[in-house]
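Participant: Quick one: sequence and predicted model below, then my questions.
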Amino acid sequence: MFTLTISDKPIAITNADEEEARELLMSEDFKEDLKYLESEGAPIWDGFATLNVRPATEEEKAEFEGADFDDEEDEDDDEEDGPYIMFLVDVTDPDEADED
């Protein structure tokens with residue numbers, strides 16, 4: 001498992017292998033999501049802070065393994081859906097927050 005950090009703060013973890021983790025977490029689409037989604041009222045990433053992918057710590061792995069992913073199609077689906085990405089910070093979508 002690998003963790004994306006922003007300025008050394010753990011932000012997201014994935015169960016992908018290293019090559020795929022770097023591809024997913026450093027993709028332009030994911031970076032755009034990080035600039036759009038918010039944590040504690042501010043964008044997760046400002047577009048300038050240092051992004052890094054590193055091996056996940058044991059604590060991060062435990063948090064990931066304890067997560068409840070929605071696997072509704074477990075009965076007939078023997079193939080894996082691919083890697084999961086889980087945020088390690090509270091994340092809000094500003095569009096959804098405006099609807100309240």
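Facilitator: Thanks, I have the structure now. Bear in mind the structure is a predicted one, so any value in this text is a computation, not a measurement.
Participant: and Pro55, what is it in contact with?
Facilitator: Contact partners of Pro55, counting by C-beta atoms under 8 Å, 6 or more residues apart in numbering, are 1-3. Yep, even glycine has a C-beta here, placed from its N, CA and C like the rest.
Participant: Using a markdown table, lay out those residues together with distance to Thr50.
Facilitator: Written out in a markdown table, the entries for the contacts of Pro55 read as follows (distance: C-beta to C-beta, whole Å):
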| residue | distance to Thr50 |
| --- | --- |
| Met1 | 21 |
| Phe2 | 16 |
| Thr3 | 14 |
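Participant: Mind checking which of those are in strands?
Facilitator: Of the contacts of Pro55, the ones assigned to strands by DSSP state E are 2-3.
Participant: and which of the contacts of Pro55 is nearest Asp68?
Facilitator: Met1 (17.0 Å; C-beta to C-beta).
Participant: Spatially nearest residue to that closest one, not counting backbone neighbours?
Facilitator: What sits nearest to Met1 in space, not counting adjacent residues and going by C-beta to C-beta, 6 or more residues apart in numbering, is Ala56, at 4.0 Å.
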